[in-house]
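1. Predicted model and sequence below, questions to follow.
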Number of protein chains: 2
Amino acid sequence: MTQTAAQRRRRRTRAEVTRRAVELFAARGYAATSTEQVAAAADLSRSTLFRLFADKEDLLFGLEDDLLATAAAAVAEAPPDLPPWAALRAAAVRIAEQVGPLRDLLVTREQVVATVPALGARAAAKHRRWEEALATGLTAHRGVPAAEALLMAKLAVACFEVAQADWLTGAADDLPALLTAALDRLPGLLER
Amino acid sequence: MTQTAAQRRRRRTRAEVTRRAVELFAARGYAATSTEQVAAAADLSRSTLFRLFADKEDLLFGLEDDLLATAAAAVAEAPPDLPPWAALRAAAVRIAEQVGPLRDLLVTREQVVATVPALGARAAAKHRRWEEALATGLTAHRGVPAAEALLMAKLAVACFEVAQADWLTGAADDLPALLTAALDRLPGLLER
DNA sequence: CCCGATGTGAGACTCTGTGTCACAACGGGA
DNA sequence: TCCCGTTGTGACACAGAGTCTCACATCGGG
């Protein structure tokens, strides 16, 4: 596990490059900013840039990749006597807590994503991966049937999405609170 | 409205080209099939191909674009005394009915999408557009607050997604039935 | 001091997606 | 009949994304 030195380094440069890239995109526009310009702004060659990031889009969405592991772990670590839905709630809140500190960056990113419809697809895909991670966690550690687990995960992530949307548009600044509010609203919606 | 002649023609060729493209992709692989090969297989020039389809990915997902309008209309046309969630259910079922006849093509497409992770993003984006269409329908025609409407729409589409997944993997062949089953399972999940 | 592993840059190459131009087909009006 | 706008089409050039290969640096350990 001494590889962690290199890995940490890599993660730090990824974070730094992401920051500069997002600012560039926000300033000049996503399509109008070439990957070569991003590389220059980050003091990297284009080659290295594409070694660090799979995609041009990854420059915008790579930040939250770590949260995938968090999602699965959170479900696994929840107290085993907790019912599945409660465990899922706890996991979702934990993700929300980890996203919190990134707020400034995410707000800027949202400006970019809003202007380029194609980027919305990537955001959706990210949430879909969360759903899958949460669902597999539920089935593996709690024996919830796969079909139900996926559906439950989708509900939780849906709540996360609406909460995050509120949060990023500036209404409130406590994402976990917004998330639990959305989760609590859920049962009432089905009765109408 | 005599433009409809040209529009109908265009839609028919789109459908035909889509069919050939999906088969090509399934046979040779998505990445390995160039847009030029698709154009050749469809007896078109590459120029014309990109006039008919925005994207290479659009060759896979363009088919269901019409369903967007259907989604919004279905919510609007539901009997006004129906509670919002019931109206939403009806709209979702109606979409499911329209998707039904496309099954063979969708199964083949799913083979392609499964092998190329990036394509999952487009599928997710498509469902997101459905969510938005349904939600705006709910707020516009039934006065449901925007935040709640979006969340409700997300729930319905989540059910649709799991139902469609079952349907495409061949378990059952009645999509509307699978969908209503998923919708009925919903309240029970939250109580656990 | 050397050596293999890893990180980095240079550059060539393919393919996607855009934009421009030219040319046909068509249909309506003078 | 001729003219003219509209629409659909192809040929082509071009910018940029993403891949690949090769060469060089850097660095920790023997």
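-> Alright, I've got the coordinates. Numbers count the residues shown, from 1 in each chain, chains lettered A, B, ... in the order given.
2. So which residues on chain A come close to chain B?
-> Contact residues, chain A versus chain B (Cβ under 8 Å from any Cβ of the partner chain): A:83-85, A:120-122, A:124-125, A:127-128, A:147-148, A:150-152, A:154-155, A:158-159, A:161-162, A:166, A:182, A:185-187, A:189-192. The C-beta positions use only the backbone N, C-alpha and C, and glycine is treated the same way.
3. what residues does chain A put near DNA strand D?
-> For chain A, the residues in contact with DNA strand D (Cβ under 7 Å from any atom of the strand) are A:33-36, A:46-47, A:50, A:54-57.
4. I'd like to know which of the residues you listed are buried.
-> A:33, A:56-57 (16 or more other Cβ atoms under 10 Å in any protein chain shown).
5. Show me what counts as buried in stretch A:180-191.
-> For stretch A:180-191, by 16+ other Cβ under 10 Å, it's A:180-183, A:186, A:189.
6. got a list of contacts for the lowest-mean-pLDDT helix or strand in chain A?
-> In chain A, no helix or strand scores lower on mean pLDDT, DSSP states H and E than helix A:66-77, which sits at a mean of 84. For helix A:66-77, contacts defined as Cβ atoms under 8 Å, 6 or more residues apart in numbering or on different chains pick out A:11, A:87-88, A:90-91, A:94-95, A:98-99, A:129-130, A:133-134, A:136-138, A:140-142.
7. let's see it at 6 Å
-> Residues outside helix A:66-77 that contact it (Cβ atoms under 6 Å, 6 or more residues apart in numbering or on different chains): A:87, A:91, A:94-95, A:98, A:130, A:133-134, A:137-138, A:141.
8. Of those, just the buried ones, ChimeraX syntax please.
-> Buried residues within the contacts of helix A:66-77, by 16+ other Cβ under 10 Å, are selected in ChimeraX with:
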select /A:87,91,94,95,130,133,134,137,138,141
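9. closest to A:Ala6 among the contacts of helix A:66-77?
-> Distance to A:Ala6 across those (Cβ to Cβ) is lowest for A:Gln98, with 23.1 Å.
10. looking at it, A:Ala21 is touching A:Phe61, isn't it?
-> No - with contact defined as Cβ atoms under 6 Å, A:Ala21 does not reach A:Phe61; the gap is 10.9 Å.
11. Of the two, which one has the most company?
-> Neighbour totals were compared for A:Ala21 and A:Phe61, and A:Ala21 leads with 27 against 18 (other Cβ atoms under 10 Å in any protein chain shown).
12. Next, the contact list for the more buried one, please.
-> Applying Cβ under 6 Å, 6+ apart to A:Ala21 gives the contacts A:38, A:59.
13. Secondary structure element holding it?
-> Using DSSP states H and E, A:Ala21 sits within helix A:4-28.
14. now check that helix, is it near DNA strand C?
-> Yes - using Cβ under 7 Å from any atom of the strand, helix A:4-28 reaches DNA strand C at A:6, A:10, A:13.
15. For those, pick the one with the most neighbours.
-> Neighbour-wise, those (other Cβ under 10 Å) top out at A:Thr13, 14 neighbours.
16. what does the model give it for pLDDT?
-> At A:Thr13, the model reports a pLDDT of 90.
17. what's the answer for A:Gln3, then?
-> For A:Gln3, the model assigns a pLDDT of 53.
18. hang on, the earlier thing: so which of the residues of chain A next to DNA strand D is the closest to B:Leu175?
-> Proximity of these to B:Leu175 (Cβ to Cβ) peaks at A:Glu57, which lies at 31.7 Å.
19. neighbours of the closest residue to that closest one other than its chain neighbours, just the number please.
-> In space, and not counting its chain neighbours, A:Glu57 is closest to A:Arg122: 4.9 Å by Cβ to Cβ, 6 or more residues apart in numbering or on different chains. Per other Cβ under 10 Å, the neighbour tally for A:Arg122 reads 20.
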